[in-house]
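[1] predicted model and sequence below, questions to follow.
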Amino acid sequence: MFFQQILNGITVGGVYALIALGYTMVYGILELINFAHGEIYMIGAYLGIIFIGIFTAIGLTEQSPLLAVLLSLTLSVIFCSAYGFAVEKLAYRPLRNAPKLSPLISAIGVSIFLQNYVMLSQGATDKVFPQLFETKGIEFLNLTITVLQIFIIVVSLLLMELLHLYVMKTRTGKAMRAVAQDKTMASLLGINIDWIISITFIIGSGLAAVAGFMVAMYYGLVNYSIGYIAGIKAFAAAVLGGIGSIPGAMLGGFILGIVESLAAGYLSSEYKDAYAFIILIIILLIKPRGLLGKSSGDRA
Amino acid sequence: MILEIRELTKSFGGLKAVEEVSFKVMPGIILSVIGPNGAGKTTLFNCLTGALLPTKGKIFFEDKDITGKRPYEITEAGIARTFQNIRIFGKMSVLENVMIGQHSRSREGFVGAVLRTNGFKKEESEIKAKAYEFLEFTGIEEYAETRAENLPYGYQRRLEIARALATEPKLILLDEPAAGMNPQESIELMTLINKIREWGKTVIVIEHDMKVVMGISDKIVVLDHGVKIAEGTPKEIQSNTDVIEAYLGKGFEF
């Protein structure tokens, strides 16, 4: 039971980590908590259902479920990235030099708007994500793991590794880190700040789309309000790991997922959603800047 | 003419930080901008680099109008600057700091970086080799892998200069490079600035240390309360009565 819960925790934790990365990257660069991020995740889940529906209608899903899933996933990512790009451009960029509270309120507004927009266009009732993979688990060493769990774990780890490579190795990644440290100086070194900020939103939203898509497959049900709780938990994961820190968001996501699964298994699953915040409170009492947060006071 | 400033004015509300300042800069020289505190020297630099939009007037770089261009566009055109208070990327290595300076001169993409294609490896090693050249030029190559915030103060200044040079500028603006340096470090800095000029770059320096200013400048522009009060060689400036007045105040009349 213990290892089984850990395994389930890693699956959910990978998803939390993917969403948390979007929060932490945007915070690292703009010091803005993008409250609309959970909604992008929710839209990713809906787009998944829509595209899978299209591929089922043209018969592709029947021929090759994996191909249909990968294609739908890619399309969701592209669309969600466009959403993220547009949200930043329309709702945050005009407020770039405004007091910090203004973009925060704008973010809450975007979040409410997107929820209602999806509720009106897709309906308020739950939508079902079709079962495409074998649901019977594979048994080994007393553990049961489903194909879908393997898929989720592999995809999350792969994307995190790619993101890490991107930020540490590429020219744009270096520019991103430079912008996070000192925007004025970065622009004087020939970096187009606006473009770097756009890329940050595009990547963060793309990761959220993957998370939304995979969760929709995992739980099978999607609703316009799923972005709220997932967003707030992923935000907790980002804070837990140290907001602004990319490895921190990954670590925070996994810790949150594992603790939640263990607590749900051993204590009570009714309080499942509360454990995330209990952990958050405990860690922040001991390490106010999060596990991997910057210890110096270089951020006011 | 590498730089021409025509009747540049920058006002903040009612205060004119820079007022109708004009001067020309010939390529390959070291020009110093001096003046008492609050004379508008840094504001002038901020207008030149696109950090501030001039209220009036024009700036021409190599005969092209660059007034109101964005900072990254001006960097691409070939102007770099350093700051009075050091602004290095403390959390990155010395080498990475310089590599960021090469941002606008490089093109490597994501796919190449992930797949580690030959094209990517080649460009990466070229960028690294070039970054090392800038570090050698400024004499801090042995610290390449050090976290920038752990460098001693004088070397952080050199790193700023190395990073500015990495943008491959034709014109480099140094804002009080000798600030906080001891006499020995100042002398080394003068040598470095001369080396930059010998390399074919044009240098504009804001500096308070008169030993440095008189020692390296081909030409000096003096600002006071935002207005240009004098322009000339170090010798001419030293004997200019307006300049002496601005610095020391009017003589008493008995």
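    That came in fine, so what should we check first? Residues are numbered from 1 along each chain as shown, chains lettered A, B, ... in the order given.
[2] make it CA atoms for all contacts and neighbour counts henceforth
    OK.
[3] just the mean pLDDT for stretch A:148-159, thanks.
    For stretch A:148-159, mean pLDDT is 93.
[4] and residue A:89, how many neighbours does it have?
    When neighbours are counted by other C-alpha atoms under 10 Å in any protein chain shown, residue A:89 registers 16.
[5] tell me the pLDDT of it.
    95.
[6] now swap in residue A:14 and tell me
    95.
[7] I figured it was touching residue A:156, is that so?
    Yes. At 5.5 Å, residue A:14 and residue A:156 qualify as touching, with contact defined as C-alpha atoms under 8 Å.
[8] neighbour count: those two, which is higher?
    Set residue A:14 next to residue A:156 and count neighbours by other C-alpha under 10 Å: residue A:14 wins out with 29 against 25.
[9] for the helix or strand harbouring that one, buried residues please.
    Assigned by DSSP states H and E, residue A:14 belongs to helix A:2-30. Within helix A:2-30, the residues scored as buried using 16 or more other C-alpha atoms under 10 Å in any protein chain shown are A:4-30.
[10] is it anywhere near chain B?
    No. Helix A:2-30 is not in contact with chain B by C-alpha under 8 Å from any C-alpha of the partner chain; minimum separation 13.2 Å.
[11] now the element after that helix, going C-ward?
    Downstream of helix A:2-30, the first helix or strand assigned by DSSP H and E is helix A:37-57.
[12] for that next one, name the packing helices and strands.
    Applying 3 or more C-alpha pairs under 8 Å, 6 or more residues apart in numbering or on different chains; DSSP states H and E, we find helix A:37-57 packed against helix A:2-30, helix A:60-63, helix A:65-87, helix A:101-122, helix A:193-219, strand A:221-222, helix A:226-241.
[13] who's in contact with the residue of the stretch 51-200 of chain A found nearest chain B?
    Taking C-alpha to the nearest C-alpha as the measure, the point where the stretch 51-200 of chain A comes nearest chain B is residue A:190, at 3.9 Å. In this structure, residue A:190 makes contact with B:71-76, B:101, B:103-104, B:167, judged by C-alpha atoms under 8 Å, 6 or more residues apart in numbering or on different chains.
[14] picking that back up, what is the helix holding residue A:14 packed up against?
    helix A:37-57, strand A:143-145, helix A:147-169, helix A:171-181, helix A:193-219, helix A:226-241, helix A:246-266.
[15] near chain B, which residues of the stretch 101-250 of chain A?
    Counting by C-alpha under 8 Å from any C-alpha, the stretch 101-250 of chain A sits next to chain B at A:162, A:165-166, A:169-172, A:174-175, A:178, A:181-182, A:184-185, A:187-192.
[16] at 10 Å instead, please
    Listed as neighbours of chain B in the stretch 101-250 of chain A under the rule C-alpha under 10 Å from any C-alpha of the partner chain: A:161-163, A:165-175, A:177-182, A:184-193.
[17] restricted to buried residues, select the residues you listed in PyMOL.
    PyMOL command restricting those to the buried ones, with burial defined by 16+ other C-alpha under 10 Å:
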select buried, chain A and resi 163+166+167+168+169+170+171+172+173+174+175+177+178+179+180+181+184+185+186+187+188+189+190+191+192+193
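[18] which secondary structure element is home to the residue of the stretch 51-200 of chain A closest to chain B?
    Per DSSP H and E, there is no helix or strand for residue A:190.
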